[in-house]
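Undergrad: 3D model of this:
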Amino acid sequence: QVQLVESGGGLVQAGGSLRLSCAASGRSRYAMGWFRQASGKEREFVTGISWSGSNTYYADSVKGRFTISRDNARNTVYLQMNSLKPEDTAVYYCAADQLPITTAQTMGRIDYWGKGTLVTVSS
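TA: Residues are numbered from 1 along each chain as shown. Down below sits the predicted model:
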């Protein structure tokens, strides 16, 4: 069993930056990722990273602005969000799976989810 705990959300002005963290319990070799869900909308993929960190994937809407990274020694994944826009406002969820996150998402199942952290971007 893996527990994921997100932190780092908050209120920021448009154009600002935030860094989210996701701390994972255990030491299994999981791919990790971030999803987000805005009010009244479905949860959507944001970014994913392989266990080694050598492969990363981004939604078109965040390419060039968001960066995912991981520190396996700390069992932590990070999401650096720059040039934030009001449309980035959402609850951000950390996810973990033994398959690549995009593959697991396509299959309709993700092994583990965090409880989410709210990011609010004001205009």
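
Undergrad: right, and the helix or strand after the worst-scoring helix or strand of the chain on mean pLDDT?
TA: Here the helix or strand of the chain ranked lowest by mean pLDDT, DSSP states H and E is helix 101-107, holding a mean of 90. Downstream of helix 101-107, the first helix or strand assigned by DSSP states H and E is strand 112-113.

Undergrad: contacting residues around that following strand?
TA: When contacts are defined by Cβ atoms under 8 Å, 6 or more residues apart in numbering, strand 112-113 is touched by residues V2, Q3, L4, Y30, Y93, C94, A95, A96, D97. The way it works is simple: take the backbone N, C-alpha and C, and place the C-beta from them, glycine included.

Undergrad: quick one: contacts for the second one?
TA: Which is Q3. Going by Cβ under 8 Å, 6+ apart, Q3 touches A24, S25, G26, Y112.

Undergrad: in strands, which of these fall?
TA: A24, Y112 (DSSP state E).

Undergrad: mind checking which of the contacts of Q3 are buried?
TA: Buried members of these, counted by 16 or more other Cβ atoms under 10 Å: A24, Y112.

Undergrad: any idea which of the contacts of Q3 is least confident?
TA: Across these, the bottom pLDDT score, 75, is held by G26.

Undergrad: surely that one touches A96?
TA: No: using Cβ atoms under 8 Å, G26 is not in contact with A96; the gap is 9.4 Å.

Undergrad: anything in contact with each of the two?
TA: Applying Cβ under 8 Å, 6+ apart, one finds that G26 and A96 are jointly contacted by V2.

Undergrad: report the beta-bridge partner residues of the spatially most central residue of the chain.
TA: Centroid-nearest residue in the chain: W34, 2.0 Å away (criterion: Cα atoms, centre = their mean). For W34, the beta-bridge partners under DSSP bridges are T47, C94.

Undergrad: contact partners for it?
TA: So W34 contacts L20, C22, V46, T47, G48, I68, V77, L79, Y92, Y93, C94, A95 (Cβ under 8 Å, 6+ apart).
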